[in-house]
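Visitor: Just to be clear, the model below is a prediction. Sequence and coordinates:
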Amino acid sequence: MHNPQLNKHGELQHLLTLDGLPREVITAILDHAAPFTEVAEREVKKLPLLRGKSIFNLFFENSTRTRTTFEIAAKRLTADVVNLNVSTSSTAKGESLLDTVDNLCAMNADMFVVRHAASGAPVLIAQHLEATGRDHIHVINAGDGRHAHPTQGLLDMYTIRHYKRDFGNLSVAIVGDVLHSRVARSQIAALTILGVPDVRVIAPKTLLPTGIEKMGVRTFNDMREGLREVDVVMMLRLQNERMAGALLPTPQEYYKVWGLTPEKLALARKNAIVMHPGPLNRGIEIDSAVADGAQAVILPQVTFGIAVRMAVMSLLAGQ
Amino acid sequence: MQLPDAETLCRQLAEQIRPNFQPNTVLIGIRTGGEWLARRLHTLLGLKGAPGAIDISFYRDDYGARGLHGRPQRADIPFSIEDAAVILVDDVLYTGRTTRAALNEVFDFGRPASVELAVLVDRGGRELPIAARYCAHILPEPLPASQNLQLEQAEDGNLFLRLVDA
């Protein structure tokens, strides 16, 4: 089957989703990210790889951390970065997504980093570029609807590999609002591709998409059962802004049953790490004592995220 | 073509460097061959600590045409570059483009007092105004572009030169 992310040589042309990517491609990105972590320690925090390239951050949905880390990653590679904020852009005046893209192509864009509330928007842009013969322009999905957030999935894998060295023997639990989470989908895809033997999903039934077992995970509706002996706990953010209707009781009740407290974390392995993609809802999905505790690697995730995004950008631009 | 013995060249190169060695002199090898050579020179010169090592993959001038390939490693410079007398160490000097990339990379770590270049072999074919201050061997005839001269390390740790088709 044709994978629209790969060019005819099997190299990564766009990064749209981790689903269906060969393990070697994911491993190569993680390997390339490692030397980029050292750049932040230099006197001059810059590499000349993307000098003279124009990267457009197209954020049709709010984001601070992801947009900022993409921006820093591009700037550390010496690219010129333009941030387009949707609330002040032409889209608000009625311009279509592809017209916006065409206009930016006319300004000689080399890469688009796209965040959109609609699943599939980055794929649409990539197909449009291919159909119009502009295959020198690359697209990175920075999160689309409930579909995928591949760079988050990659930085999570980088973090796990950094602390656990190897994926071969791990038990990993993904906890929380899986239903609305593109992060969870990218995490599950990456974990299974990299060969993690035990991937668990822990969530209330109302926040668990039907048929998720087909992705190769075990589901749990009880945190105490699901967290037992895991090596990695990946918390998800409770996405209040995507909740329509009565999927949940009050936040206080959610915290009581589904919040990660030190007492629940004690059921995991003693050296288990706790991850969270941010932003944190303290006192809802995670207790402050855990978020600020010795097992949390939430801030290293942010730092690694820059190196991983540098690796993705430099691999794409070099094809 | 009979290639010279790399271990002999290493000792000759160390003796060229020795009289000019200053208290603030540091060695930085360009991966991979230059890193082996820098470690060898370090031992021959009786220096303490470890030499620096850089991987110029991120500074290559042909990234636009060739992209990233191989497996770049992180730079490892365990000392301050500021006001140091840097000797860049590479196995083979050819077009000079690697040296240029290495110069750019070194300056991203600070402002050295000076930078010199030490190479085992000059194979000719320069495309940039770059010359080595220390050079153990100059090939009598420049090598054709179809051939690569490279330093390799045997299993017993000994260094040797090898000619391969590019």
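Guide: Received, thanks. All figures in this text were calculated on a predicted structure; none of them were measured in a lab. Numbering: from 1, shown residues only, chains lettered A, B, ... in the order given.

Visitor: How many neighbouring residues does the one residue in the stretch 201-319 of chain A that gets nearest to chain B have?
Guide: Per Cβ to the nearest Cβ, residue A:318 is where the stretch 201-319 of chain A lies closest to chain B, at 2.7 Å. All C-beta atoms are positioned from the backbone trio N, CA, C, and that covers glycine. Residue crowding around residue A:318 was assessed by other Cβ atoms under 10 Å in any protein chain shown; the count is 17.

Visitor: what does residue A:250 give?
Guide: Residue A:250: 8 neighbours (other Cβ under 10 Å).

Visitor: cool, and residue A:228?
Guide: Neighbours of residue A:228 (other Cβ under 10 Å): 15.

Visitor: Now do the contacts for it.
Guide: A:267, A:268 (Cβ atoms under 8 Å, 6 or more residues apart in numbering or on different chains).

Visitor: Please, where are all the helices along the chain?
Guide: Picking chain A for this. Remark: helices assigned in chain A by DSSP state H are A:23-36, A:65-76, A:97-106, A:121-131, A:150-164, A:182-193, A:223-226, A:251-258, A:262-265, A:288-291, A:298-317.

Visitor: ah, I was thinking of chain B
Guide: B:6-17, B:33-44, B:63-66, B:97-107.

Visitor: Which among those helices is found nearest to chain A?
Guide: helix B:63-66 (5.7 Å).

Visitor: Is that closest one positioned near chain A?
Guide: Yes: against chain A, helix B:63-66 shows contacts by Cβ under 8 Å from any Cβ of the partner chain at B:63, B:64, B:66.

Visitor: hmm, back to that, would you single out the least confident of the helices of chain A?
Guide: Ranked by mean pLDDT, the helices of chain A end with helix A:251-258 at the bottom, a mean of 87.

Visitor: Chain A contacts on chain B?
Guide: Checking chain B against chain A by Cβ under 8 Å from any Cβ, the hits are B:55, B:57-59, B:63-64, B:66-68, B:71-75, B:81, B:104, B:107-110.

Visitor: Save the helices of chain A as CSV, and put in mean neighbour count too.
Guide: Listed next are those as CSV, based on neighbours: other Cβ atoms under 10 Å in any protein chain shown:
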stretch, mean neighbour count
helix A:23-36, 19
helix A:65-76, 21
helix A:97-106, 16
helix A:121-131, 19
helix A:150-164, 24
helix A:182-193, 24
helix A:223-226, 17
helix A:251-258, 15
helix A:262-265, 15
helix A:288-291, 17
helix A:298-317, 23
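
Visitor: how about these, which one is nearest residue A:232?
Guide: Minimum separation from residue A:232 across the helices of chain A (Cβ to Cβ) falls at helix A:150-164, 5.7 Å.

Visitor: contacts for that closest one?
Guide: For helix A:150-164, using Cβ under 8 Å, 6+ apart, the contacting residues are A:15-18, A:26, A:29-30, A:33, A:66, A:70, A:140-143, A:167, A:170, A:172, A:183, A:186-187, A:189-191, A:194, A:231-232, A:234, A:273, A:275, A:277, A:297, A:300-301, A:304-305, A:307-309, A:312.

Visitor: before we move on, back to that, show the buried residues in the residues of chain B next to chain A.
Guide: If you count burial by 16 or more other Cβ atoms under 10 Å in any protein chain shown, the buried members of the residues of chain B next to chain A come out as B:55, B:57-59, B:63, B:67-68, B:72-73, B:75, B:81, B:104, B:108-110.

Visitor: between the residues you listed, which is closest to chain A?
Guide: residue B:67 (2.7 Å).

Visitor: which non-adjacent residue is nearest that closest one?
Guide: residue A:318 (2.7 Å; Cβ to Cβ, 6 or more residues apart in numbering or on different chains).

Visitor: Show the contacting residues for that neighbour.
Guide: Residue A:318 touches A:49, B:63, B:64, B:66, B:67, B:68, counting by Cβ under 8 Å, 6+ apart.

Visitor: can you put those residues in CSV and add pLDDT?
Guide: Below are the contacts of residue A:318 laid out as CSV (pLDDT from 0 to 100):
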residue, pLDDT
A:49, 93
B:63, 84
B:64, 79
B:66, 81
B:67, 81
B:68, 79
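
Visitor: So in chain B, where's the weakest helix or strand by average pLDDT?
Guide: helix B:63-66 (a mean of 81; mean pLDDT, DSSP states H and E).

Visitor: Export only the CA atoms of that helix, formatted as CSV.
Guide: This file holds the C-alpha atoms of helix B:63-66, laid out as CSV (Å, rounded to 0.1, in the frame of the first residue of the first chain):
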residue,chain,number,x,y,z
TYR,B,63,23.5,18.9,3.1
GLY,B,64,21.1,20.6,0.7
ALA,B,65,22.0,18.1,-2.0
ARG,B,66,22.7,14.9,0.1
